[in-house]
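Student: sequence and predicted model, in that order:
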Amino acid sequence: EVQLVESGGGLVQAGGSLRLSCAASGFTFDDYAVGWFRQAPGKEREGVSCISSSDGSTYYADSVKGRFTISSDNAKNTVYLQMNSLKPEDTAVYYCAADAWCSWYPGDFGSWGQGTQVTVSS
């Protein structure tokens, strides 16, 4: 059974940093892509970043480019999202998701974690 568990969310002041983790079980990261999505209250879920574990390719939404960094530790089956220079508009529930390749569309991902809350105060 594929399982994804996010951790690392919390409350931080604007300009601060957080590192989210996505620990996977039931499959091998080597063959999958892992994406980070977020959903703010009243808004649709949006893609933030994605990493293709097979070749290490990474992708970022324009809104986070230069501030967020995605990485993976295949030995630990864990993907990280380092978030720096956080802004109040980054406040959302952050989810990791896994499937065969990277996509900006949530519907393309078949496996999801439960989400972790990130709140950035101004």
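Tutor: The structure has been received and is ready for your questions.
Student: all contacts plus neighbour counts: C-alpha atoms, from now on.
Tutor: OK.
Student: now the residue sitting nearest the centre point of the chain: closest residue in space that isn't a chain neighbour?
Tutor: Geometric centre of the chain, nearest residue: Trp36, 2.5 Å, by CA atoms, centre = their mean. Spatial nearest neighbour of Trp36, chain neighbours left out: Cys96 (4.5 Å); criterion: CA to CA, 6 or more residues apart in numbering.
Student: show me the shaky parts of the protein.
Tutor: For the chain, no stretch has pLDDT under 70.
Student: strands of that one, start to end?
Tutor: Assigned by DSSP state E, the chain shows strands spanning 3-7, 10-13, 18-25, 33-39, 46-52, 58-60, 68-73, 78-83, 92-99, 111-112, 116-121.
Student: next one: the fourth one to chain centre, how far?
Tutor: Relative to its parent chain, strand 33-39 has a centroid offset of 4 Å by CA atoms, centre = their mean, to the nearest Å.
Student: what pairs with that strand, parallel or antiparallel?
Tutor: Strand 33-39 sits in its sheet next to strand 46-52 (antiparallel), strand 92-99 (antiparallel), going by DSSP bridges.
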